[in-house]
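how would this look folded up:
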Amino acid sequence: MIKRLVLAAALATTANFAIAAPVTYQLDPSHTNVIAQWNHFGFSNPVAHFGQAEGILIYDADNVAASSVEVALPLSGLNSFTAKFDEHLRGPDFFNVATYPLATFKSTAVESAGEGKLKVTGELTIKDNSHPVVLDVTLNKVGENMGKRPTIGFDAHTTIKRSDFGVGMYAPGVSDEVDIRITTEASVAKAG
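Here you go, the predicted model:
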């Protein structure tokens, strides 16, 4: 009887440990949007969409400090919804996509900021300029997606100074501060 109880306790501990382990998710580019918004000489507040984000998100619900995220944004997917302006943004005056095709973010710390909230600190790199950025993150949902795969969703927000990253042309008339809003969905990779 004692052997059975010890075995049952060991199995229960193993099962709980397996549930609490960090989970690795791949970003779903179809359900991930990175939107930048700035002020244009006080007249308007246009936006640009950075599409096709790729990355890995590791989330540990029981120890959020063990969580991490690493994302690459192919700048060729930049879309301001105006083709001529897209060309200008991708050109040498701004992102110089031919030389610097990716923007990247790699977390350095994740901490709880209250129920369903996180602060994610990391290094944002654009045009070989790396600076620390803090994302205010909201956990939207953890569950299964339509394909029955474990899935997680977050929204995040930060403000950066574009001049820090070598894309400061026309500042301060065109605001140096850029508001970044992110929504992302990520799922556990399919087996095989």
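
hey, let's count contacts and neighbours off CA atoms from now on
Fine.

looking at this protein, which helix or strand is least sure?
Using mean pLDDT, DSSP states H and E, helix 2-20 stands out as the lowest-scoring helix or strand of the chain, at a mean of 41.

now for the helix or strand just after that helix, which elements pack on it?
Downstream of helix 2-20, the first helix or strand assigned by DSSP states H and E is strand 23-27. Other helices and strands packing on strand 23-27, by 3 or more C-alpha pairs under 8 Å, 6 or more residues apart in numbering; DSSP states H and E, are strand 54-59, strand 177-187.

got the CA positions of the following helix or strand past the first one in PDB?
Just to be clear, that refers to strand 54-59. Heading C-terminal from strand 54-59, the first helix or strand you meet, by DSSP H and E, is strand 68-74. The C-alpha trace of strand 68-74 is given here as PDB (Å, rounded to 0.1, in the frame of the first residue of the first chain):
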ATOM      1  CA  SER A  68      11.200  35.100 -23.300                       C
ATOM      2  CA  VAL A  69      10.500  36.400 -26.800                       C
ATOM      3  CA  GLU A  70      12.600  36.800 -29.900                       C
ATOM      4  CA  VAL A  71      11.100  38.400 -33.000                       C
ATOM      5  CA  ALA A  72      12.300  39.400 -36.500                       C
ATOM      6  CA  LEU A  73      10.300  41.800 -38.600                       C
ATOM      7  CA  PRO A  74      11.200  41.700 -42.300                       C
END
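
strand partners of the helix or strand just after strand 68-74, parallel vs antiparallel please.
Counting by DSSP H and E, the element after strand 68-74 in chain order, helix or strand, is strand 78-79. Strand pairing for strand 78-79, using DSSP bridges, gives strand 47-50 (antiparallel).

L135 and A156 touch, don't they?
Yes. Applying C-alpha atoms under 8 Å, one finds L135 in contact with A156, separated by 5.9 Å.

mind listing what D176 touches?
Residues near D176 by C-alpha atoms under 8 Å, 6 or more residues apart in numbering: W38, K161, R162, S163, G168.

tell me the contacts of the spatially most central residue of the chain?
The residue lying closest to the centre of the chain (C-alpha atoms, centre = their mean) is V71, at 6.1 Å. Counting by C-alpha under 8 Å, 6+ apart, V71 makes contact with A53, E54, G55, I56, T104, F105, K106.

cool, H157 as well?
Each residue near H157 by C-alpha under 8 Å, 6+ apart is listed here: L135, D136, V137, D179, I180, R181, I182.

all good on my end, thank you.
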